[in-house]
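In: what follows is a predicted structure for the sequence shown.
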Amino acid sequence: MDNQYTVSAGYKKWSTLFMAIGLITLILGFIFLNPFAGANGENLNSTRFWAVMMQNCMFWLFLVNIATFFIVISILAMSGWQTSFRRVTEALSSAVPIIGVITFVVMLCVIFGQRGDIYPWTDPGIVKNSKALQGKSGFLNPTFYIIASIICIGFWSLVSIKLRAFSKEADQMGTMDYATGKKWFNRNTIWASFYIIMFGLTVGSIIPWLWIMSMEPLWFSTMFSWYTFGSTFVSGIALITIFVIYFKNQGQLEFVTQEHLQDLGKYMFAFSIFWTYLWFEQFLLIWYGNLPEETIYFKIRLQGPYEGLFYLNIILNFVCPILIFMKKATKRNYTIVTFMCILILFGHWIDFYIMVMPGTVKFHPHLSWFEFGIPIGFLGLIMWRVGRFASTTPMTAMNDPFLKESVVHHT
Amino acid sequence: MRKKFIVGAFDDEKVLFPAVKNVRKAGYKIHDVYTPFPIHGLDHALGLRETSLHTMGFIYGITGTSIALGGMSWIFTTDWPLNIGGKPHFPLPAFIPITFELTVLLSAVGMVWTFCWLCKMMPGVKKHHFNLRSTDDLMVMVIECTSKTNETEVQSFLHNNGAFDINVQEAEDGWWFGRYDREQKLYKTEEVGY
């Protein structure tokens, strides 16, 4: 490639710095937080270490997986407008395998360490005394957990690799005629269809129950998976938008205009409301029903140490997006959109924090060096993968059959 | 107010857009362009200002929110407090669905009426149709004449830019009460002989 984009030195420096911060935090965590001290929850630092690891692994894995999901829904809906920044979503999806492996390793440690403080159902002592957990043991058991995790992480990685390979293949094919383009697109559609079914079965239903909700196994909400999906989807779009704006600033993505930015803004606006809808629906039914085994979930969040974060969550993820993104002018303003992306990312990170922490570290939440160091490390990891992808692949998919639609796109 | 208009029809967007640009550049005042379907970017080409519809939508929505929240909280705390299932008298979560519904209702209905007002469309209100095929398959550009306009010059200008069916019409530019079927022949009727 003659005009292949080379990652700027500043970007490399920052991504390395972020990864270094993450790694140092992890090492310091191993030294100071005694991760292998005890699994019964008596050693708070040990619980805190694994809870933070689980929260961040799952949050960032879901986030980069949303990039694949975005490609897939674009293929299935034949939406052409996103083709001009398609490579950015592909770049983000290239982080799925590596973050998937990290997540899986953390999960294995938690499961085989029989950490009853994170997943009470892994501890035989707790299960023995709980009739409810014995009843749920068909679903909540280590074998099922590990097999389901392997299948879903593996499948997410496989499809993201496959779709990226198709896209790169199109670069070599030259301008496609109708028949070739149709054949190429059909292959994309088949893989995307597999993925969407699998996505419905994983993120759409069992995976958030299995990974996150089972930290408080006595509480249940069927809506939880969709609520998690809403949270990850809006923050995934925010992550995509940040990178689109970054590469646009770097002089790449020549066909991306304010029209595309406005549509990404619309996505964030709409799915912020979608998230609020599901979040509130879950809350309202439990509040109205007033059953002790259900309200226990909100008792600690609303009237415990998480009260401030609980309201901050609503302000960051509902009030700010709905008021700021309502106007067309703000959705077309690069600065405001960047600011909102960071706000939404942080907001949904907080959302995941109050999903995970009350069930694990309970009344002793920390929000200090370890909690912030680990997500910075993941961010560096994603930046590194995106940088690698961007420096080996042209940033505009020139031979995509839908490119023209994206160029003339007008909201 | 009755005004004089010069009307030209186009059958292709690719001809229409340069024509709009040239007409504006030549300094003629475009009254409006009537199209059978929405054309992306035509509003920019015509240099129309942003619509005020969404601002009105926001105002209607806020009105709905305040009516719902204010009304319910006044009724349940001051006017007629009831004990419903031991819930507090100001149960905010229970008010949210109704607040949402009223917000949506007021903004939706209000925006529909505002849209009709802005487009001067109401039941029983009549507007002049410059070319009936603008509701079918033609894009119709209407240029407003002033006292100084040279009509033949404008017509040949339109012709050179790819328009056809060019004519001069004198018409009311606003709206008035009336019915289309009484005042205008909408389709051709042919006597069928046996």
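Out: Yep, it's here.

In: distance-wise, check the spatially most central residue of chain B relative to A:Leu28.
Out: What sits nearest the mean C-alpha location of chain B, by Cα atoms, centre = their mean, is B:Cys119, with 3.3 Å. To A:Leu28, B:Cys119 is 65 Å away according to Cβ to Cβ, to the nearest Å. Just so you know, the C-beta spots here come from the backbone N, C-alpha and C atoms, and that holds for glycine as well.

In: which element is encountered next along the chain beyond the lengthiest helix in chain B?
Out: In chain B, with assignment by DSSP state H, the single longest helix is helix B:92-119. For helix B:92-119, the following helix or strand on the C-terminal side (DSSP states H and E) is strand B:125-127.

In: for that next one, buried residues please.
Out: Within strand B:125-127, the residues scored as buried using 16 or more other Cβ atoms under 10 Å in any protein chain shown are B:126-127.

In: with stretch A:156-169 instead?
Out: A:156-160, A:162-164, A:166-167.

In: next one: stretch A:87-107
Out: Within stretch A:87-107, judged by 16+ other Cβ under 10 Å, the buried ones are A:87-100, A:102-104, A:106-107.

In: excluding chain neighbours, what is closest to residue 164?
Out: Defaulting to chain A. A:Glu90 (5.1 Å; Cβ to Cβ, 6 or more residues apart in numbering or on different chains).

In: my question was about chain B, not that one.
Out: B:Ala9 (5.8 Å).

In: on the three-state scheme, that neighbour is what?
Out: Recorded secondary structure, B:Ala9: strand (DSSP: H, G, I helix; E, B strand; the rest coil).

In: check contacts around it.
Out: B:131, B:133-134, B:138-141, B:163-166 (Cβ atoms under 8 Å, 6 or more residues apart in numbering or on different chains).

In: from the buried residues of stretch A:156-169, pick the one nearest chain B.
Out: A:Ser167 (27.0 Å; Cβ to the nearest Cβ).

In: tell me the contacts of that closest one?
Out: A:86-87, A:90, A:397, A:400.

In: among those residues, which are located in helices?
Out: Using DSSP H, these in helices are A:86-87, A:90.

In: and whatever residue of the stretch 301-411 of chain A ends up closest to chain B, how far is that from A:Ile126?
Out: The stretch 301-411 of chain A approaches chain B most closely through A:His410 (4.1 Å), counting by Cβ to the nearest Cβ. Separation of A:His410 from A:Ile126 (Cβ to Cβ): 58 Å.

In: of the two, which one has the most company?
Out: Neighbour count, other Cβ atoms under 10 Å in any protein chain shown: between A:His410 and A:Ile126, A:Ile126 has more, with 17 against 10.

In: for the buried residues of stretch A:156-169, give me a markdown table that also has secondary structure, pLDDT and distance to A:Ile197.
Out: Converted to a markdown table, these look like this (DSSP: H, G, I helix; E, B strand; the rest coil; pLDDT from 0 to 100; distance: Cβ to Cβ, whole Å):
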| residue | secondary structure | pLDDT | distance to A:Ile197 |
| --- | --- | --- | --- |
| A:Trp156 | helix | 93 | 13 |
| A:Ser157 | helix | 94 | 17 |
| A:Leu158 | helix | 94 | 14 |
| A:Val159 | helix | 93 | 11 |
| A:Ser160 | helix | 93 | 16 |
| A:Lys162 | helix | 93 | 15 |
| A:Leu163 | helix | 93 | 15 |
| A:Arg164 | helix | 92 | 20 |
| A:Phe166 | helix | 92 | 18 |
| A:Ser167 | helix | 91 | 21 |
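
In: and the residue of chain B found nearest chain A, how many neighbours?
Out: In chain B, the residue that lies nearest chain A is B:His40 (4.1 Å; Cβ to the nearest Cβ). Using other Cβ under 10 Å, B:His40 has 12 neighbouring residues.

In: A:Ser368 too?
Out: 8.

In: got it, and A:Pro208?
Out: 23.

In: centre of the chain to the helix or strand hosting A:Thr103, how far?
Out: Using DSSP H and E, A:Thr103 maps to helix A:96-112. Distance, stretch centre to chain centre, for helix A:96-112: 15 Å (Cα atoms, centre = their mean, to the nearest Å).

In: what packs against that helix?
Out: helix A:44-76, helix A:142-172, helix A:369-392 (3 or more Cβ pairs under 8 Å, 6 or more residues apart in numbering or on different chains; DSSP states H and E).

In: switch to 6 Å and redo it
Out: Identification of packing neighbours for helix A:96-112 by 3 or more Cβ pairs under 6 Å, 6 or more residues apart in numbering or on different chains; DSSP states H and E yields helix A:44-76, helix A:142-172.

In: all strands of chain B, in order?
Out: B:2-10, B:29-34, B:125-127, B:139-144, B:164-172, B:175-177 (DSSP state E).

In: could you dump those strands into TSV with mean pLDDT added?
Out: Putting the strands of chain B into TSV (pLDDT from 0 to 100) gives the following:
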stretch	mean pLDDT
strand B:2-10	89
strand B:29-34	90
strand B:125-127	78
strand B:139-144	92
strand B:164-172	85
strand B:175-177	74
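
In: need the winner for burial among those.
Out: strand B:139-144 (a mean of 23; mean count of other Cβ atoms under 10 Å in any protein chain shown).

In: up against chain B, what does chain A have?
Out: Contacts of chain A with chain B, taken as Cβ under 6 Å from any Cβ of the partner chain, map to A:284, A:287, A:410.

In: apply 7 Å and report the result again.
Out: A:280, A:283-284, A:287-288, A:326, A:410 (Cβ under 7 Å from any Cβ of the partner chain).

In: go through stretch A:239-253 and flag the buried ones.
Out: A:239-248, A:252-253.

In: cool, stretch B:86-94 as well?
Out: Under 16+ other Cβ under 10 Å, the buried positions of stretch B:86-94 are B:91, B:94.

In: could you do stretch A:144-156 as well?
Out: Those would be A:145, A:148-149, A:152-153, A:155-156, for stretch A:144-156 by 16+ other Cβ under 10 Å.

In: identify, from those residues, the entry nearest to A:Ser74.
Out: Here the nearest of those to A:Ser74, counting by Cβ to Cβ, is A:Trp156; it sits at 16.7 Å.

In: I figured that closest one hits A:Phe69, correct?
Out: No: in this structure A:Trp156 lies outside contact range of A:Phe69 using Cβ atoms under 7 Å: 9.1 Å.

In: how close does A:Val96 sit to A:Ile324?
Out: 30 Å.

In: same deal with A:Met58?
Out: For A:Met58 relative to A:Ile324 (Cβ to Cβ), the value is 28 Å.

In: when these two are compared, which one has more neighbours?
Out: A:Met58 (23 against 17).
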